[in-house]
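> the sequence and its predicted three-dimensional model are supplied below.
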Amino acid sequence: MLPLERRHALIKFVSKKGSCSIPEMSEILNVSEMTVRRDLKQLEEEGFVQRTHGGAISVSSPRLVEPAFEEKRESRQPIKEKLADYAVKHFVQDNGVIIMEGGTTVSVMANYLLEFYNLTVATNGLNTLAVLRSIVSTCTVLGCGGILREMSNTFVGPIAEQFFSQIHAQYAFFSASGFTPETGFTDPNPMERQVKLAMAQSARKKIMLIDSAKFSHVSLLTTFAMRDIDILITDSEAPEVSLKPLRDAGVEVHVVK
């Protein structure tokens, strides 16, 4: 397990239980107690946990620990529908090739792809694939395979990364757990981040769908800086103080009314 993955697992475990001892975390992660102590020291300095004598307790922060897929899918669903509908109407065409990451905002786009012809869609989202089954008679649907994550219903890992590195797409569609101009677009899981980076390398243009509730929030890892994104689609409640730096960075900003 990579250090970033290990520390992410520590954050999730401590947040879920509220508190945890060093021996317990050492056994669960199959690492030495000294490694756990070093990780906890770094996580405390970054504000993710609070160390105690012999362990750690959780620090309340809604964006540090990833919510389950179903919880995220139900959150602000009307906004996600608007963003997805807009993205499909303006950036998807017959005979095109697109990449869709499997997050709950982008996955809504699958519901609006039913009328296209000879479209090729590549995704790491299990739920996205389930919706796209209905278009396989007229379009090509590519699923990457890999390690299936329970929290997100997405495939991650080296197999998924290699799959996307071999594709050539016009657009790749992404979302994020948080955004600030200083940190860029952030996400809670290092394996999801790596797959997104592989997707981005394989697309001519990167499109970010992000609702206004994600602005001013920061998650564990920066996936994209502002300059890495070509187009951003958001709703009318997005703060102008955050949109202006995006425009200044050369991002084409679309605000959906």
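Okay, I see it.
> any low-confidence regions in the stretch 1-150 of the chain?
Flagging of the stretch 1-150 of the chain using pLDDT under 70 yields the residue ranges 59-75.
> for it, what spans make up the strands?
Secondary structure of the stretch 1-150 of the chain (DSSP state E, counting those that start in this stretch): strands at 19-21, 49-52, 55-58, 97-100, 120-123, 140-143, 147-149.
> same deal with the stretch 151-257 of the chain?
Taking DSSP E, counting those that start in this stretch as the test, the strands found in the stretch 151-257 of the chain are 154-156, 169-174, 178-180, 184-187, 203-209, 221-224, 231-235, 252-256.
> for residue 43, find the nearest of those strands.
strand 221-224 (13.3 Å; C-beta to C-beta). For glycine as for every other residue, the C-beta is placed from the backbone atoms N, C-alpha and C.
> could you check how far the residue sitting furthest away from the middle of the chain is from residue 18?
The centre of the chain is farthest from one residue, residue 53, which by C-alpha atoms, centre = their mean lies 34.5 Å away. In this view, residue 53 and residue 18 are 16 Å apart by C-beta to C-beta, to the nearest Å.
> got it, and residue 251?
Separation of residue 251 from residue 18 (C-beta to C-beta): 40 Å.
> swap in residue 89?
45 Å.
> do the same with residue 124
From residue 124 across to residue 18, the span is 32 Å (C-beta to C-beta).
> the two: which has the busier surroundings?
A count of neighbours by other C-beta atoms under 10 Å puts residue 124 above the other of residue 124 and residue 18, at 33 against 8.
> ok, the more buried one touching residue 148?
No - using C-beta atoms under 8 Å, residue 124 makes no contact with residue 148, being 9.6 Å away.
> shared neighbours of these two, which are they?
Counting by C-beta atoms under 8 Å, 6 or more residues apart in numbering, the common neighbours of residue 124 and residue 148 are 154, 155.
> now stretch 206-222: buried residues?
Residues of stretch 206-222 classed as buried: 206-212, 214-215, 217-222 (neighbour count, 16 or more other C-beta atoms under 10 Å).
> revised request: answer the last question for stretch 131-150.
Buried residues in stretch 131-150, defined by neighbour count with 16+ other C-beta under 10 Å: 131, 132, 135, 139, 141, 142, 143, 144, 146, 149.
> got a list of what the third one touches?
Looking back up the chat, that one is residue 135. Shown here is residue 135, whose contacts under the criterion C-beta under 8 Å, 6+ apart are 113, 114, 116, 119, 141.
> quickly note the distance from it to residue 186.
Relative to residue 186, residue 135 is positioned 32 Å away (C-beta to C-beta).
> and the fifth one, by the same measure?
As for residue 141, its distance to residue 186 is 29 Å (criterion: C-beta to C-beta).
> could you pull out the helices in this structure for me?
Applying DSSP state H to the chain gives helices spanning 3-17, 22-29, 33-45, 69-74, 77-91, 104-107, 126-132, 158-165, 190-201, 240-248.
> any weak-confidence spans in the stretch 151-257 of the chain?
For the stretch 151-257 of the chain, no range has pLDDT under 70.
> without its sequence neighbours, what residue ends up closest to the residue minimising distance to the centre of the chain?
Geometric centre of the chain, nearest residue: residue 176, 4.7 Å, by C-alpha atoms, centre = their mean. Of all residues not flanking residue 176 in the chain, residue 185 sits nearest, at 3.9 Å (C-beta to C-beta, 6 or more residues apart in numbering).
> specify the beta-bridge partners of that neighbour.
Here residue 185 sits in beta bridges with residue 179, residue 224, as judged by DSSP bridges.
> hang on, isn't it packed against residue 206?
No - look at residue 185 against residue 206 with C-beta under 8 Å: they stay out of range, at 10.0 Å.
> from residue 239, how far off is residue 247?
Distance of residue 247 to residue 239, computed by C-beta to C-beta: 13 Å.
> ignore what I typed, I meant residue 178.
As judged by C-beta to C-beta, residue 178 and residue 239 stand 13 Å apart.
> what do these two both touch?
215, 216.
> same drill for those two, tell me which one is more crowded.
Higher neighbour count among residue 178 and residue 239: residue 178, with 23 against 11, using other C-beta under 10 Å.
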